[in-house]
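1. Here is a sequence with its predicted model. Questions after.
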Amino acid sequence: MKDSYIKNTIMNRLRKTKLKGSSKARRAGMRKLRHVNRENQRLMNQYERTQKKVTIKPSDYQCEMRDQKNVVEFDNLQTHFFTDMGVVKAVDGVSFDVPKGKTVGVVGESGCGKSVTSLSLMRLVQRPTGQIIGGQIRYNNGTETVDITKVPIHKIQKIRGNEIAMIFQEPMTSLNPVFTIGSQIDEIIKLHNPGMSKKAIRGKSIEMLRVVGIARADGIYHSYPHELSGGMRQRAMIGMSLACDPKLIVADEPTTALDVTIQAQILDLLRNLKDKVDASIMLITHDLGVVAEMADEVVVMYAGRVIEKGTALEIFQDPKHPYTVGLLNSKPSVNKSVSRLYSIPGNVPNPINMPGYCYFKDRCDKRMPICDGDYPPMIKISDTHLVACWLWSEEVLRNG
Ligand SMILES: Nc1ncnc2c1ncn2[C@@H]1O[C@H](COP(=O)(O)OP(=O)(O)OP(=O)(O)O)[C@@H](O)[C@H]1O
Ligand code: SF4
Ligand SMILES: [Mg+2]
């Protein structure tokens, strides 16, 4: 069964890539693909066995927070995808904290691993190809601290939606088109409040729709998702996510598909709700304007790694990494007159074959001989500001 799967995958790949050349080259290509598939299968089986372990003792997943002020601590998180092209290191050693009651903005170019980081936190990475292969995600719910990467499935199901809510970029992919908005919110409230009466559940659902600013909440309760505008659907989705007063809201590009007025309203809504339930927000976005408006702390990611983190003031007023500087320069401004909008030259390296040196080197106008060596470590600029760039190492600063 496994061998026929491998053979079919190899044949499909060869057909797709229309591998040309001598039969010797073809055989070598097949051998390589077969090897990649075997190795992937072995690793995926190994990680799946751990995931499906029947008895997981509390001592296996309970742990201690490094700082009690945090609600989540990502610590050297590694999430990889075992594809037949090779291993995609989507998240490769990511560490940052989400403090209680604060908003942390996660920014970076498309494909840098923002969504995979948030999906790892919810344990929603697409299995079996996607696997968390290392690191910890420590989560404190006020009574205990657990390592999300190790908790059993029944426990993560209670955490998801109840304590950590996720708002996805495209509401239509999260709302079921064949059920009314009301019945979908009811279902979530019922799941998390098993003893609640039908009338009380309905009342709470309508209240949630009102909280997110939907006028005519009674009517919308009976509507289907396709009968709502994009902004209303996004509001309904937010209402659904917040129905159980979560401790942490993970918002992955919550406003990308919306126009600027609705975007401002949704951001206001998130801010008000956060203050009301004293939750933390992990806000993932491409939009630096949104981050500047919302975030207390900022994490900049590049090619699966955190390359700079600090308070919003530090990142916006004193960016240290050449990539962050480029990102800020490429932000349009009404006060600046430019003939052409700046864009960072070059592309992100291939995630399957990452180099050993700084991943930004081939695009960096500040590169030095030291940049050809190891990947730069996280260098402390202040207690809150850290950057992974050789420019700020003692050695380079000392030698001018
Ligand atoms: N199911 C998957 N199988 C294989 N690779 C994947 C899968 N999901 C994500 N990836 C890879 O992981 C990397 C990170 O993807 P991710 O979705 O986290 O990017 P992102 O930073 O959220 O980008 P965007 O801003 O475009 O949403 C990308 O290289 C992507 O191709
Ligand atoms: S380590 Fe070197 S190549 Fe990388 S961002 Fe810093 S200066 Fe540029
Ligand atoms: Mg994404």
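-> Sure, I can see it. Ligands and ions are numbered 1, 2, ... in the order given.
2. got the contact list for Ala292?
-> Contacts for Ala292 (CB atoms under 8 Å, 6 or more residues apart in numbering) come out as Ala312, Phe316. (Glycine included, C-beta is placed from N, CA and C.)
3. Try it again at 6 Å.
-> Phe316 (CB atoms under 6 Å, 6 or more residues apart in numbering).
4. Quick one: classify it as helix, strand or coil.
-> Following DSSP: H, G, I helix; E, B strand; the rest coil, Ala292 is assigned to helix.
5. For the residue in the stretch 151-300 of the chain that ligand 1 sits nearest to, the count of nearby residues, please.
-> Nearest residue of the stretch 151-300 of the chain to ligand 1 (CB to the nearest ligand atom) works out as His286 at 5.7 Å. Residue neighbour count, defined by other CB atoms under 10 Å, stands at 15 for His286.
6. and the gap between it and Gln169?
-> Per CB to CB, to the nearest Å, His286 is found 11 Å from Gln169.
7. One more: Val348?
-> Distance from Val348 to Gln169, by CB to CB: 20 Å.
8. Tell me who's in contact with the residue nearest to Ala312 when sequence neighbours are not counted.
-> In space, and not counting its chain neighbours, Ala312 is closest to Ala295: 4.9 Å by CB to CB, 6 or more residues apart in numbering. With contact set as CB under 6 Å, 6+ apart, Ala295 has these partners: Thr103, Gly105, Ala312.
9. ok, so what distance separates Ala295 from Gly86?
-> Ala295 is 35 Å from Gly86, by CB to CB.
10. Return the subset of the contacts of Ala295 lying in strands.
-> Judged by DSSP state E, strands contain the following of those: Thr103, Gly105.
11. Which single one of the contacts of Ala295 is nearest to Gly326?
-> Gly105 (17.2 Å; CB to CB).
12. For that closest one, name its beta-bridge partners.
-> Per DSSP bridges, the residues bridged to Gly105 are Leu283, Val298.
13. I'd assumed Glu297 was in contact with it.
-> No: using CB atoms under 6 Å as the test, Gly105 is too far from Glu297 to be in contact (7.2 Å).
14. which stretches of the stretch 251-400 of the chain have low pLDDT?
-> For the stretch 251-400 of the chain, the stretches with pLDDT under 70 are 257-258, 332-342.
15. can you pull out the strands in it?
-> 280-284, 297-302, 305-311, 379-380, 386-387 (DSSP state E, counting those that start in this stretch).
16. Run me through the strand neighbours of the longest one, direction for each.
-> Spelled out, it's strand 305-311. As defined by DSSP bridges, the strand partners of strand 305-311 come to strand 297-302 (antiparallel), strand 386-387 (antiparallel).
17. which outside residues touch the last one?
-> Think strand 386-387. Glu308, Lys309, Lys320, His321, Met378, Ile379, Lys380.
18. Let me know whether that strand sits next to ligand 2.
-> No: judged by CB under 6 Å from any ligand atom, strand 386-387 makes no contact with ligand 2; its nearest approach is 8.4 Å.
19. where's that strand relative to the chain centroid, distance-wise?
-> How far strand 386-387 lies from its chain's middle: 20 Å, per CA atoms, centre = their mean, to the nearest Å.
20. For the stretch 1-150 of the chain, what lies in contact range of ligand 1?
-> Near ligand 1, when you scan the stretch 1-150 of the chain using CB under 6 Å from any ligand atom, you find 81, 83, 88, 90, 108, 110-116, 126, 129-130.
21. Among the residues you listed, name the buried ones.
-> Using 16 or more other CB atoms under 10 Å as the burial test, these include Phe81, Val88, Ala90, Gly108, Cys112, Gly113, Lys114, Ser115, Val116, Gly130 as buried.
22. which one among the residues you listed gets closest to Leu175?
-> The closest of these, once distances to Leu175 are taken by CB to CB, is Ser115, at 18.6 Å.
23. Tell me the residues of this protein that contact ligand 2?
-> So far as CB under 6 Å from any ligand atom goes, the chain lies against ligand 2 at 321-322, 358, 360-361, 364, 366-367, 371, 376, 389-391.
24. Can you tell me which of the residues you listed has the most neighbours?
-> Busiest of those [other CB under 10 Å] is Cys358, holding 27 neighbours.
25. Isn't it up against Cys371?
-> Yes: between Cys358 and Cys371 a contact is recorded at 5.3 Å, counting by CB under 6 Å.
26. quick revisit: can the strands of the stretch 251-400 of the chain go into TSV with extra columns for mean neighbour count?
-> Formatted as TSV, the strands of the stretch 251-400 of the chain follow (neighbours: other CB atoms under 10 Å):
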stretch	mean neighbour count
strand 280-284	25
strand 297-302	25
strand 305-311	24
strand 379-380	15
strand 386-387	26
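27. mind listing the helices for the stretch 151-300 of the chain?
-> Per DSSP state H, counting those that start in this stretch, the stretch 151-300 of the chain carries helices over the ranges 153-159, 171-174, 181-192, 198-211, 217-221, 230-242, 260-277, 288-294.
28. domain assignment for this protein?
-> 2-14+24-51, 301-399 (automatic domain parsing).
29. Highest mean neighbour count out of those?
-> domain 301-399 (a mean of 16; mean count of other CB atoms under 10 Å).
30. now do the same end-to-end measure for stretch 101-109.
-> 27 Å (CA to CA, to the nearest Å).
31. and if you look at stretch 53-69?
-> Note: stretch 53-69 ends 32 Å apart using CA to CA.
32. same thing with stretch 370-377?
-> The first-to-last residue distance of stretch 370-377 comes to 12 Å (CA to CA).
33. Repeat that for stretch 188-198.
-> 12 Å.
34. how about it: buried residues?
-> Ile188, Ile189, Lys190.
35. State the phi and psi torsions of Ile214.
-> Main-chain torsions, Ile214, degrees, to the nearest 10: phi -90, psi 120.
36. Pull the contacting residues for it.
-> Contacts of Ile214 by CB under 6 Å, 6+ apart are Ile220, Arg235.
37. Next, the residue nearest to Ala312: phi, psi?
-> phi -90, psi 150.
38. and the gap between it and Val387?
-> 17 Å.
39. repeat for Asp92
-> Taken as CB to CB, the span from Asp92 to Val387 is 17 Å.
40. surely Val116 meets Gln78?
-> No: judged on CB under 6 Å, Val116 makes no contact with Gln78 at a distance of 10.5 Å.
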